[in-house]
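Peer 1: this one's sequence-less:
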């Protein structure tokens, strides 16, 4: 793909992530943090160039939450780790379904590092809570890239 197409896709995906987070912020920052927008991390599987834009989108989206700058910085880190992990599933030719545990476990184990400090809640409690909240977005992300894989060539997105 040429640079213009990469930039446009990156911008659209970032905008979608931020818009979904805005629309779902009522429960995206709750006890279980059901962040439907994190389903978009799965797009790093077919489009590795989205690793950094998705991390930036998470950073911007975290500015909507009550946790401040630490959550924004952590959001960038977890965005890189999660979307990068999704890309590595493809890079190492693992079955596509492996994006599900990546999207569940990366945020579940990384986000509590700073949230347990900010909220004074035990790390393990937050891990369980975040893993539960990430399950639905992980499944949706997998279904998204599975559907995209079927139609990628027809849409002109195969490279």
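Peer 2: In hand now; what should we look at? Because the structure is predicted, anything quoted here is derived from the model rather than measured.
Peer 1: mind showing which ranges of the chain have poor pLDDT?
Peer 2: Residues of the chain that meet the criterion pLDDT under 70 lie in 28-32, 153, 155-159.
Peer 1: rerun that using 90 as the cut-off
Peer 2: Low-confidence segments of the chain (pLDDT under 90): 1, 21-22, 24-35, 62-71, 114-115, 117-119, 149-159.
Peer 1: May I see the buried residues of the helix ranked longest in it?
Peer 2: When every helix of the chain is counted residue by residue (DSSP state H), the longest turns out to be helix 123-151. For helix 123-151, a neighbour-count test (16 or more other C-beta atoms under 10 Å) marks 126-127, 129-131, 133-142, 144-145, 148 as buried. To be clear about C-beta, it is placed using only N, CA and C from the backbone, and glycine gets the same treatment.
Peer 1: Same check on stretch 62-81?
Peer 2: In stretch 62-81, counting by 16+ other C-beta under 10 Å, buried: 62, 67, 71, 72, 74, 75, 76, 77, 78, 79, 80, 81.
Peer 1: Just the endpoints, please. Distance across stretch 87-104?
Peer 2: Length of stretch 87-104, first residue to last, C-alpha to C-alpha, to the nearest Å: 15 Å.
Peer 1: my read: residue 36 touches residue 134, true?
Peer 2: No: the criterion here is C-beta atoms under 8 Å, and residue 36 misses it with residue 134 at 10.4 Å.
Peer 1: Return the residues in contact with residue 118.
Peer 2: 67, 70, 71 (C-beta atoms under 8 Å, 6 or more residues apart in numbering).
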